[in-house]
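In: One predicted model, sequence on top.
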Amino acid sequence: MAEQYEGTLEKLKMDYALLPKEELADFGNKSKSLYIGIPDETNYNEKRIPLTPNSVEGLVNRGNRIVIESGAGVASGFSDQDYIQVGADIVFSKEEVFKASTIIKSTPINVEEIPLLLPNQVVVSPILLPKLNVSTLKHIMEKKVTALAFEYIKGDYDTYPFMRSMSEIAGNYAILTAAKYLSNEYGHGILLGGITGHPPTKVVILGAGSVGEAAARAALGLGARVLVFDDNISRLMRLQNDLGRRIYTSVIDSGNLRDKIARAHVVIGALKPINGKTPCVVTEDMVAGMKAGSVIIDVSIDHGGCFESSRVTDNKNPVFTKHGVVHYCVPNIASNVSRTASYALSNIITPFLKSASDCGGIENYIKQNAGFRHGTYLYKGSLTKSFLAEKFDLKFTNLELLLSVDF
């Protein structure tokens, strides 16, 4: 029976993949205005808004309707009047916002919002894996919504544009944050970087991706000595090339890592997740061996964190001290520069929304654009990411199978 099911699944996937391009084009050649709702964020001390007034104006001019909860843009420097002037509707309750067919959020769906979700609604937001629990996920699934995660949407050349943009911001901000917690204001009065006649501070960066590169560039600019660890040799080589200079790089060897962390003033956790979860490479014992007053910035906390001693914090209480080491584990680190981050989010999501409108709506665009489709973790209530199904012991349904049935 299982073999018969597998055979049917493979046939349906193949049939879907082989649909004639003319049929797909004809299927989505009619534009459809989108009805987009943007709520005011109340969780995680979030300050970003996913669409700036400039982007809203472009979308409204194409016939789309955008409803924004009053005050949603204030923390990013955008007033209600700014949005009214470009054609958005301002409403004064979340209930009004959630009447929209497409909801776009800067933070994950929270428990207060789940009752407001409507069947067949589309939600585009981050997912924040460490904070997601099985009960919340089940309740969202029961609402029969289609949900996409910013961090899983792919762009050109197999990249993750949302992740890359937020990573660049996070890498730069991580160094600024470390500098603050080393200073007399919070720490032992150490200047991050270097001065003439005194050895530079040592910054260890775990991960040679976008966060790691941005952090390395910022730290080097201040005069720090930078050491980067990653198990991907190609990524390390690319980092050296992009920086235009030789720095210390190494694969992640526990003995060597322990030694270098023990001497570091700052350790930045920026490893890429594997199957949705960041590998935890720094044990609590390693953290206990670090210098008193040193600083950990765990940028990877969004997907579980690189440090065994990490736990999620927020912008109200961003740090805690363990083993004499300051830990900064705020998941939405880019929210601290909310105006810049809002422009970054808006510049990425707006072209997707324009294309979705042109091809007949979000669901059609999911079917036609593989990169956008990759962001889908729920489709009409069915869980379509295998690693989430495994993590929460829930039923997994292949997305291509669901889309084949829809055709």
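Out: Now that the structure is in, tell me what you want to look at.

In: Residue 203: what's it in contact with?
Out: 175, 178, 192, 215-216, 219, 224-227, 264-268 (CB atoms under 8 Å, 6 or more residues apart in numbering). (Glycine included, C-beta is placed from N, CA and C.)

In: Can you tell me which of the residues you listed is nearest residue 246?
Out: residue 226 (10.8 Å; CB to CB).

In: list the contacts for the closest residue to residue 386 other than its chain neighbours?
Out: Nearest residue to residue 386, sequence neighbours excluded (CB to CB, 6 or more residues apart in numbering): residue 396, at 5.0 Å. Residue 396 makes contacts with 383, 384, 385, 386, 388, 389, 390, as judged by CB under 8 Å, 6+ apart.

In: Next, give phi and psi for the first one.
Out: Comment: the main-chain dihedrals of residue 383 come out as phi -80, psi 120, following degrees, to the nearest 10.

In: what number of residues lie near it?
Out: 21 (other CB atoms under 10 Å).

In: Residue 48 contacts residue 336, correct?
Out: No. The criterion here is CB atoms under 8 Å, and residue 48 misses it with residue 336 at 9.8 Å.

In: Look at these two and report which has more neighbours.
Out: residue 48 (27 against 19).

In: What strand or helix carries residue 90?
Out: strand 89-91 (DSSP states H and E).

In: That strand: how far from the chain's middle?
Out: 27 Å (CA atoms, centre = their mean, to the nearest Å).

In: next structured bit after that strand?
Out: Assigned by DSSP H and E, the successor of strand 89-91 is helix 94-97.

In: Do you know the pLDDT at residue 101?
Out: We have a pLDDT of 97 for residue 101.

In: Quick one: classify residue 203 as helix, strand or coil.
Out: Using DSSP: H, G, I helix; E, B strand; the rest coil, the structure places residue 203 in strand.

In: I meant residue 220, not that one.
Out: helix.

In: isn't it right up against residue 248?
Out: No. If you go by CB under 8 Å, residue 220 and residue 248 don't touch, sitting 11.4 Å apart.

In: Extract the C-alpha trace of stretch 228-244 and format it as CSV.
Out: As requested, the backbone C-alpha atoms of stretch 228-244 are provided in CSV (Å, rounded to 0.1, in the frame of the first residue of the first chain):
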residue,chain,number,x,y,z
VAL,A,228,36.1,33.3,11.8
PHE,A,229,35.0,29.6,12.2
ASP,A,230,32.8,27.7,9.7
ASP,A,231,32.7,24.1,8.5
ASN,A,232,32.2,25.3,4.9
ILE,A,233,35.6,25.8,3.4
SER,A,234,34.1,27.5,0.3
ARG,A,235,32.3,30.0,2.5
LEU,A,236,35.5,30.8,4.3
MET,A,237,37.3,31.3,1.0
ARG,A,238,34.6,33.5,-0.3
LEU,A,239,34.7,35.6,2.9
GLN,A,240,38.5,36.1,2.6
ASN,A,241,38.0,37.2,-1.0
ASP,A,242,35.0,39.5,-0.2
LEU,A,243,36.9,41.2,2.6
GLY,A,244,39.9,41.6,0.4
